[in-house]
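1. I'll drop the sequence and a predicted model, then ask my questions.
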Amino acid sequence: MFEVLTSEASYLRSLRVLTEHFMENRELGETLIISDKKTLFSNITKVREVSERFLKDLEDHIFKEIMFPDICNILNYHAQHNFAAYIDYIRNQSYQEKTYSRLMKTNEQFATVINRLQELPQCHRLPFISFLLLPFQRITRIKMLIEAQPLDECFGGAAYENCFNLVMLENHQGRMMERILKAPSK
């Protein structure tokens, strides 16, 4: 369950790239008419706010108990109260893809700015379209994570005794990395 938290943090960082680096970019905005911008970015700001609240709830609970006994309660709450933003975003997918393809073919300024922006370091060599697809992939990823890690299987059926959380704020790639480790004794 710890991976839900770490992957949500990574997902949120990518959503911030989409919103701050692309959507709020003045030069890119000048290449778009309002309806194209609305279709291209849909309600990504709302999706980002949902992710921020979800991550905050997860972080608040990590410090209470490392094993996240109530992760399903947290997920259930957010699914019922906040995840509707994902439905709106997903409904827009086909329009989003068509708009993006059309703009890349017919709007030379847009294509030039997009290509330049996605080459910058904050994109980690990922194309713009991969950032647009993040919300579609996130819901599936959460489901897979919840259905995957029981810890007792990972630790050969042993109890959760002597487990600890290792957080590296920055690894060799400049990314945060978190792991649950188990020691043979205290």
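-> Yep, it's here. Worth saying up front: this structure is predicted, and the values here are computed from it rather than measured.
2. For the protein, name the helix or strand with the lowest mean pLDDT.
-> Within the chain, no helix or strand scores below helix 151-154, which has a mean of 45 by mean pLDDT, DSSP states H and E.
3. Spell out the residue ranges of the strands in this structure.
-> 163-168, 177-182 (DSSP state E).
4. so what secondary structure elements neighbour the helix ranked longest in the chain?
-> Assignment by DSSP state H gives helix 128-148 as the longest helix of the chain. Other elements packing on helix 128-148 under the criterion 3 or more CB pairs under 8 Å, 6 or more residues apart in numbering; DSSP states H and E are helix 2-16, helix 44-62, helix 71-81, helix 84-91, helix 93-106, helix 108-118. (Each C-beta comes from the backbone N, C-alpha and C, glycine too.)
5. mind checking which of the ones you listed is nearest residue 133?
-> helix 93-106 (8.5 Å; CB to CB).
6. Just checking the distance from the closest one to the centre of its chain.
-> 22 Å (CA atoms, centre = their mean, to the nearest Å).
7. That one vs helix 84-91, what angle?
-> In terms of direction (axes from the mean of the first three to the mean of the last three CA atoms, to 10 degrees), helix 93-106 departs from helix 84-91 by 50 degrees.
8. Identify each buried residue in helix 93-106, please.
-> 96, 99, 100, 103 (16 or more other CB atoms under 10 Å).
9. Test my guess that the last one contacts residue 36.
-> Yes. With contacts defined as CB atoms under 8 Å, residue 103 counts as touching residue 36 at a distance of 6.4 Å.
10. what does the longest helix of the chain rub up against?
-> For helix 128-148, contacts defined as CB atoms under 8 Å, 6 or more residues apart in numbering pick out 1, 3-4, 7, 11, 14-15, 17-18, 22, 40, 44, 47, 51, 71-72, 75, 83, 86, 89-90, 93, 96, 100, 114, 117-118, 123.
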